[in-house]
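> need coordinates for the below:
(one chain, ligands or ions: 1)
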Amino acid sequence: MLNIIIFGAPGSGKGTQSEKLIEKYNLTHISTGDVLRKEIEKQTKLGKLADKYMSEGQLVPDEVVINILNDLFDDNIDNQGYIFDGFPRTLKQGEAMDSMLHEKQKDINVVLWLDVDDDELTDRLLKRGIDSGRDDDTLETIKLRLEVYYNETEPLKEFYLKQGKLAKIDGMGSVDDIFSRIEKAVDGILLNK
Ligand code: AP5
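Numbers count the residues shown, from 1 in each chain. The predicted structure is shown next:
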């Protein structure tokens, strides 16, 4: 089994590269952002709660997303592994994920950190805001999302570095060039498994 976390700031390409990883390595995609957006669309209780945080660029409370992860992670699915996109986002989520996987005698193989500079992140998200209209893709909310990322999510880099799992990927350039760098990192992990 190959379990991957795809990690990086908003707009770093986690969703885009996840699609390619799923296709190549036959992984199941777990994206907390996608799940929450679906709940908002359906106007469920969870969606209404999440919307308050997401529209302001804040993180949805840990307990809520940890419960979502527990529900989504089904160890009976016959697949070759998971790609976790947008989870974990805080140290508390990282610790909860470690204990959940440990209970199931599973582990994360690699954390792919997509490194992209802030100007490029902002450009990508503003462009998407114009094209597809995600309502957190406005300049004001993008700034807040980046602030939240640096304050609350970046400490996870140290957490996974200490576990020897962090792989830094240059996330600048074309989607295909970035994917080639990812493939190299993942194939290296598979060879040493
Ligand atoms: P989430 O949905 O996870 O969004 P995000 O982290 O803000 O990331 P994005 O989807 O904006 O970017 P991405 O890195 O996936 O890049 P993408 O491939 O889309 O979370 C949204 C919100 O949900 C959070 O703010 C929070 O409120 C809540 N949430 C979710 N998970 C949570 C958790 N665990 N805990 C608490 N709260 C949580 O690319 C972005 C754009 O760039 C696209 O238009 C794409 O086409 C383009 N692009 C991609 N690669 C390139 C490239 N190489 N060159 C040019 N353009 C590119």
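> any idea what the closest residue to Asn79 other than its chain neighbours is bridged to?
Take Asn79 and drop its neighbours on the chain: the residue closest to it by Cβ to Cβ, 6 or more residues apart in numbering is Thr28, 4.7 Å away. In short, each C-beta sits where N, CA and C put it, glycine included. Bridge pairing for Thr28 (DSSP bridges) gives the partners Tyr82.
> contacts only, for Thr28.
Applying Cβ atoms under 8 Å, 6 or more residues apart in numbering to Thr28 gives the contacts 22, 77, 79, 81-83.
> give me the below-cutoff pLDDT ranges for the chain.
75-78 (pLDDT under 70).
> residue of it nearest the ligand, please.
Gly33 (1.9 Å; Cβ to the nearest ligand atom).
> surely that residue is in a strand?
No: counting by DSSP: H, G, I helix; E, B strand; the rest coil, Gly33 falls outside a strand, being helix.
> related to what we said a few turns ago, so how do I select the buried members of the contacts of Thr28 in PyMOL?
With 16 or more other Cβ atoms under 10 Å as the criterion, this PyMOL line picks the buried residues out of the contacts of Thr28:
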select buried, resi 22+81+82+83
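> can you list the contacts of Thr28 in JSON lines and add distance to Val65?
Output for the contacts of Thr28, formatted as JSON lines (distance: Cβ to Cβ, whole Å):
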{"residue": "Ile22", "distance to Val65": "21"}
{"residue": "Ile77", "distance to Val65": "20"}
{"residue": "Asn79", "distance to Val65": "22"}
{"residue": "Gly81", "distance to Val65": "20"}
{"residue": "Tyr82", "distance to Val65": "15"}
{"residue": "Ile83", "distance to Val65": "16"}
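> quick one: the helices in the chain?
14-25, 32-41, 45-54, 62-72, 91-103, 118-131, 139-148, 155-162, 175-191 (DSSP state H).
> need those helices in CSV with distance to Phe7, can you?
Output for the helices of the chain, formatted as CSV (distance: least, Cβ to Cβ, whole Å):
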stretch, distance to Phe7
helix 14-25, 7
helix 32-41, 13
helix 45-54, 19
helix 62-72, 15
helix 91-103, 10
helix 118-131, 14
helix 139-148, 14
helix 155-162, 7
helix 175-191, 12
